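Participant: Prediction below, plus the sequence it came from.
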Amino acid sequence: MDKSSALEYINQMFPTEASLSGVEPLMQKIHSEIRRVDAGILAAVRQQSNSGTKAKEDLAAATHAVEELMYKIREIKTKAEQSETMVQEICRDIKKLDFAKKHITTTITALHRLTMLVSAVEQLQVMASKRQYKEAAAQLEAVNQLCSHFEAYRDVPKITELREKFKNIKQILKSHVFSDFSSSLGTGKETEETNLLQHLSDACLVVDALEPSVREELVKNFCSRELTSYRQIFEGAELAKLDKAERRYAWIKRRLRTNEEIWKIFPPSWHVAYLLCIQFCKLTRAQLMEILDNLKEKPDVGTLLLALQRTLEFEEELAEKFGGDTRRKDISSDIEEVDKAENNSQTVSDIRKKYEKKLAANQGSGMEEKDGNKDLSVPGAGFNFRGIISSCFEPHLTVYVELEEKTLMENLEKLVQEETWDIEEGSQTNVLSSSVQVFLIIRRSLKRCSALTKNQTLFNLFKVFQRILKAYATKLFARLPKGGTGIVAAATGMDGQIKTSDRDERVICYIVNTAEYCHKTAGELAENVSKIIDSQLADAVDMSEVQDEFSAVITKALITLVHGLETKFDAEMAAMTRLPWGTLESVGDQSEYVNGINLILTSSIPALGSLLSPIYFQFFLDKLAASLGPRFYLNIFKCKHISETGAQQMLLDTQAVKTILLEIPSLGRQTSGAASYSKFVSQEMSKAEALLKVILSPVDSVANTYRALLPEGTPVEFQRILELKGLKKADQQSILDDFNKRGSGIAQPSITATPVALAAAPAMPVAPAAPVVQAASLGIVASREDVLTRAAALGRGAATTGFKRFLALTEAAKDRKDGPFRKLFNA
C-alpha cells in the first residue's frame, strides 16, 4: 500500500475529530493481527524444513526406477532386431518362389496362346483358300484378339513370322471378297443361285472383321460400279439434256427399289444406299453443270424451272429418307392464308397482321460437304442433301427473274388500269384495292422463288420487288391532279393552279392512305425477306429507297390537297377585293365572301377528316392555315380604299374567318392536335387583325400604331396603308417623312410579295394577271418573312425531299422571325 492509499484509508476510518477516540482500539486490533500472521509464518517455515528431506528421498527412488526401465527397453529392442532378421530371411525365400511361379505361369499362358495362334492362323489359311467366309469372319476375330496379346513380343522372330502370315491371309481374303462381289453382284446371278446372296452376306462379315478402310474401299467400288451404267446412259447426246433431269432421278429411285432385297446382304451399319445416293448426287451435279454451261443460248424458263423443281423434290425425298438436317417448310402458313384471300374480302389490318407473321425457314441451301473431317458415312452426321444438286442452277436463273419481273409489271399495269380510284361500299379501309393486290402478287412471287432458292436469285427478285413498288408509287404520283399548263392557262391566269372536285379530294386522300400502307408494308416485306434469304445477303435487303418514294407521294398529295383548296378560295378572295370598302355606310353581318369560305371548308373538311389519319390531317390543317392567313393579309392590300366603317366590317370578317378556321378540327372530327393548331391560326390571323387596327387608327397616330402592331413592316407597306386610308399624296408625304425619320424598324428593302412568292414556289396558286400587275405597280407587300417562309414551306421542294423534310418545313413556316428559308429569298 503506497502513501496516498494509506492516507485515504486513515481519512476514511477517521473522517472527523470525534472519530479519533477509536484509534487505540484499532491499534490493538492491528497488533493482534500482526502476531497471528507471524505465528503462521513460523509454522510454515518449520514444516518446509521437514518436507525437504523427504523430497530428496523420493527423487532418489524415482531415478533408480528410470534406470531399471531403460535396461528393460534395451533388452526388448535387441530381441526385436533378432526377430526382424529372422522374418527377412523367411520372406526372401518366399519371394523367390513367388517370382518363379509367376514366370512359369506367364510362360505357360504365352505358349498356350502361341499354340492357339499358330493353329488359328493355319485354320484361317485353310478357310481363306476354301472361301469359307462365315467361319473365316469368326476366326479373324479370334486371331485379332490373340495377336493383341503378343504386341509386346513384336520383335520375336516367330511372332513376326506369324503376323506377316496373318497379314497375307487378310490380303487373300480381301482379294477373294472383292473378286466375288465384282463377279457376282449386279450380273443377274443373284436370282439364279440361291446361295450366292448368303455367300456374299458372309463375305461382308469378313470385311467387317478386316480394317475399316477395306469396307470403305468395297462400298466405293460398289457405288462406282452401280453408277457406271448411269454415267453411260445420261452422258449420251439423247439424254444429256435439261428436260431429261426427271429421268435421272427416276433411274436412281428405280435402282434403289428393285435392288432393295439384294442389297440387304450389306450390314445396315454400312449405309450403302445412303453413300450411293451421295455419289449419285455429286455425279448428277457435275453433269447438269456441264449441260447448263454448254448451252449456246438462254435456257427455256419452263424447262429450267421444271428441272429445278424436280431436283428440289428429289433432294427433299433423300433428306426425308436418310434424315439429317431437318427444316420446316419454306413458306409459313400466313402466305397460304394470303393465297386464300384472293377470293375473300379482307381488310388492310388483316393483311398487315399477316405480314407481321414470320416467314420462318431454316437455311437449307447446303452445297457439297465443306468439311472433309466430317463422317459422311452415317446419315445425318454432317451431310445435307438439300442443295447438293439444285445449287448448280443458281447462276442460270436470271431468265426466271426476268420472267417474274415481266409478269409482275404486266399485272401492275392491269391493276392500275382496272383501278376505280374509289373505295368499295362497305369497305372498312380507305386504301385502294390495287395496293393490296400488288402486295398479294409480290407475295405469291416470293413464295414461288423461296420454294426454289434462297440465295442470289431471291435477292435479285427482291430488287425486282423494289422496281415494281417504285413503279406503283409513280402511278400514284401521276394520278394526282395537275395544275393548268399551256398558252390557254397562262392567258386566263390559271397557269399552275390546281382545280379539285370533291371526288378529286377523296382520291387524293385515298392516295395518301395507300402510300402510307405501302410505306409500312414495304418495310415489313423487307424484314420478312431478310429472314428467309441466305444470311450472307440479309444485310443488303433494304426498302428505304422505296419507302422514300411513297413518302414523296404522301408529301405531294397533301400539297396538292392544299393547293386545290387554295384554288377554290380564289373567287372568294377576288370578291373580297371588289367590295366597296370605302363607301360602306354601316357594319352589318359577315360578308358573303366569308360565307363562301365557310361553305368551301364545311363541304370539304368533314370528308377529309374522315379519310385522313390524324397525323396527316393535322399536317394538312397547318399547311392550310399557313396559306390562308398570309393570303388573307395580302388580299387586304389589294383593296382600293378602306374607310373606317369598311375597316370595322373587314375586322368583323377577319374574326369570322378566324372562327371558321378554328372550327375546322371539329368539322373533321379530329381534335387531337387542336390546341397547337388553334395557337397557330391565332398567330397567323392576328397579323390581319393588326393591319386593320392600323387602318382604323387616327391619322396622327397611325405611324406609332403601325410600329407597335407591325414592327416588321416596311416603308412601302406603310405607304400602301396610307393609300388604303384615302390620304392624298401631299398628306402621305409628311407622315412618311416623319415615319422615315423615326425609323421603320426594318432594314431590308421592300419588294412585292406576290411575284416573289410565285417565283419561289411555282406550285402555289397565282392570282389573275391584271390584279398582279396592279399590285406590283402599287408596291403591295405583306409581312415579308411570313409570306416568303410559308411560300417556301408549301413549295415543290418539299415534295422532293421526303416526308421528314416536309415536316421540317412545317416548323419553318411557324417561325416568323428566323425562318431558315429567308436568306433564300433575300439573295
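Facilitator: On my side now, so go ahead.
Participant: Okay, now the unreliable bits of the stretch 551-700 of the chain?
Facilitator: Within the stretch 551-700 of the chain, the stretches falling below the threshold (pLDDT under 70) are 670-674.
Participant: could you pull out the helices for the stretch 651-800 of the chain?
Facilitator: Listed in chain order, the helices of the stretch 651-800 of the chain (DSSP state H, counting those that start in this stretch) span 664-667, 674-696, 702-709, 715-724, 729-742, 753-760, 769-778, 784-793.
Participant: for Ser530, helix, strand, or coil?
Facilitator: What DSSP: H, G, I helix; E, B strand; the rest coil gives for Ser530 is helix.
Participant: Go ahead and confirm it touches Val541.
Facilitator: Yes. Under the criterion of C-beta atoms under 8 Å, Ser530 lies in contact with Val541, with a separation of 4.2 Å. C-beta coordinates here come from the backbone N, C-alpha and C atoms, glycine included.
Participant: What helix or strand is Leu634 located in?
Facilitator: The secondary structure element spanning Leu634 is helix 614-637 (assigned by DSSP states H and E).
Participant: tilt between that helix and helix 715-724?
Facilitator: Note on geometry: by axes from the mean of the first three to the mean of the last three C-alpha atoms, to 10 degrees, helix 614-637 and helix 715-724 are set 60 degrees apart in direction.
Participant: So which elements touch helix 614-637?
Facilitator: Packing contacts for helix 614-637, counted by 3 or more C-beta pairs under 8 Å, 6 or more residues apart in numbering; DSSP states H and E, involve helix 544-578, helix 592-611, helix 644-662, helix 664-667, helix 674-696, helix 715-724, helix 784-793, helix 802-814.
Participant: rerun at 6 Å
Facilitator: Here helix 614-637 is seen to pack against helix 544-578, helix 674-696, helix 784-793 when contacts are counted using 3 or more C-beta pairs under 6 Å, 6 or more residues apart in numbering; DSSP states H and E.
Participant: How about residues contacting the second one?
Facilitator: By C-beta atoms under 6 Å, 6 or more residues apart in numbering, the list of residues contacting helix 674-696 from outside reads 621, 625, 629, 632-633, 636, 642, 647, 650-651, 654, 658, 661-662, 665, 705-706, 709-710, 721, 724-725, 783.
Participant: For that helix, list the C-alpha coordinates in PDB.
Facilitator: Listed in PDB are the C-alpha atoms of helix 674-696, where the atom choice follows Å, rounded to 0.1, in the frame of the first residue of the first chain:
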ATOM      1  CA  ALA A 674     -56.400  21.200 -81.900                       C
ATOM      2  CA  ALA A 675     -54.600  23.200 -79.200                       C
ATOM      3  CA  SER A 676     -51.400  23.700 -81.200                       C
ATOM      4  CA  TYR A 677     -53.400  24.300 -84.400                       C
ATOM      5  CA  SER A 678     -55.600  26.900 -82.700                       C
ATOM      6  CA  LYS A 679     -52.500  28.700 -81.500                       C
ATOM      7  CA  PHE A 680     -51.000  28.700 -85.000                       C
ATOM      8  CA  VAL A 681     -54.300  30.000 -86.500                       C
ATOM      9  CA  SER A 682     -54.500  32.800 -84.000                       C
ATOM     10  CA  GLN A 683     -50.900  33.800 -84.700                       C
ATOM     11  CA  GLU A 684     -51.500  33.900 -88.500                       C
ATOM     12  CA  MET A 685     -54.800  35.800 -88.400                       C
ATOM     13  CA  SER A 686     -53.500  38.200 -85.700                       C
ATOM     14  CA  LYS A 687     -51.500  40.000 -88.400                       C
ATOM     15  CA  ALA A 688     -54.500  40.700 -90.500                       C
ATOM     16  CA  GLU A 689     -56.300  42.000 -87.400                       C
ATOM     17  CA  ALA A 690     -53.300  44.200 -86.500                       C
ATOM     18  CA  LEU A 691     -53.300  45.600 -90.100                       C
ATOM     19  CA  LEU A 692     -57.000  46.500 -89.900                       C
ATOM     20  CA  LYS A 693     -56.400  48.100 -86.400                       C
ATOM     21  CA  VAL A 694     -53.700  50.300 -88.000                       C
ATOM     22  CA  ILE A 695     -56.100  51.300 -90.700                       C
ATOM     23  CA  LEU A 696     -58.700  52.200 -88.100                       C
END
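Participant: quick one: that helix to chain centroid distance?
Facilitator: In this view, helix 674-696 has its centroid 49 Å away from the chain centroid, taken as C-alpha atoms, centre = their mean, to the nearest Å.
Participant: For that helix, which residues meet the burial criterion?
Facilitator: By neighbour count, and taking 16 or more other C-beta atoms under 10 Å as the criterion, the buried residues in helix 674-696 are 674, 677-678, 680-681, 684-685, 687-696.
Participant: Around Lys482, how many other residues sit close by?
Facilitator: Neighbour count of Lys482, defined by other C-beta atoms under 10 Å: 11.
Participant: Can you verify it is assigned to a helix?
Facilitator: No. Counting by three-state DSSP, Lys482 is not part of a helix but coil.
Participant: got a list of what the closest residue to it other than its chain neighbours touches?
Facilitator: Nearest residue to Lys482, sequence neighbours excluded (C-beta to C-beta, 6 or more residues apart in numbering): Ile498, at 6.9 Å. Applying C-beta under 6 Å, 6+ apart, one finds that Ile498 lies in contact with 481, 483, 560, 563-564, 567.
Participant: if I look at Ile498, how far off is Lys568?
Facilitator: From Ile498 over to Lys568 the distance is 10 Å, taken as C-beta to C-beta, to the nearest Å.
Participant: Which residues are in contact with Gln279?
Facilitator: When contacts are counted by C-beta under 6 Å, 6+ apart, Gln279 is found next to Cys223.
Participant: and it, which of the three is it?
Facilitator: Taken by three-state DSSP, the conformation at Gln279 corresponds to helix.
Participant: before we move on, what about the one 3 residues further on?
Facilitator: In the three-state summary, Lys282 is assigned as helix, counting by three-state DSSP.
Participant: next one: the one 3 residues further on
Facilitator: Look at Arg285: counting by three-state DSSP, its state is helix.
Participant: wait, it sits on Cys392?
Facilitator: Yes. Between Arg285 and Cys392 there is a contact under C-beta atoms under 6 Å: 5.3 Å.
Participant: How about the helix or strand harbouring Leu218, which residues are buried there?
Facilitator: In this assignment (DSSP H and E), Leu218 forms part of helix 212-234. The neighbour-count criterion (16+ other C-beta under 10 Å) identifies 214-215, 218-219, 222-223, 226-227, 230, 234 as the buried residues of helix 212-234.
Participant: quick one, helices of the stretch 251-400 of the chain?
Facilitator: Using DSSP H, counting those that start in this stretch, the helices of the stretch 251-400 of the chain run over 272-293, 301-322, 333-340, 348-356, 398-418.
Participant: closest to Ala39 out of these?
Facilitator: Counting by C-beta to C-beta, Ala39 lies closest to helix 348-356 out of the helices of the stretch 251-400 of the chain; the figure is 114.7 Å.
Participant: what about the residue most central in space within the chain, distance to Ile533?
Facilitator: The central residue of the chain, meaning the one whose C-alpha is nearest the mean C-alpha position (C-alpha atoms, centre = their mean), is Glu527 at 6.5 Å. Distance of Glu527 to Ile533, given as C-beta to C-beta: 11 Å.
Participant: Glu313 now?
Facilitator: As for Glu313, its distance to Ile533 is 22 Å (criterion: C-beta to C-beta).
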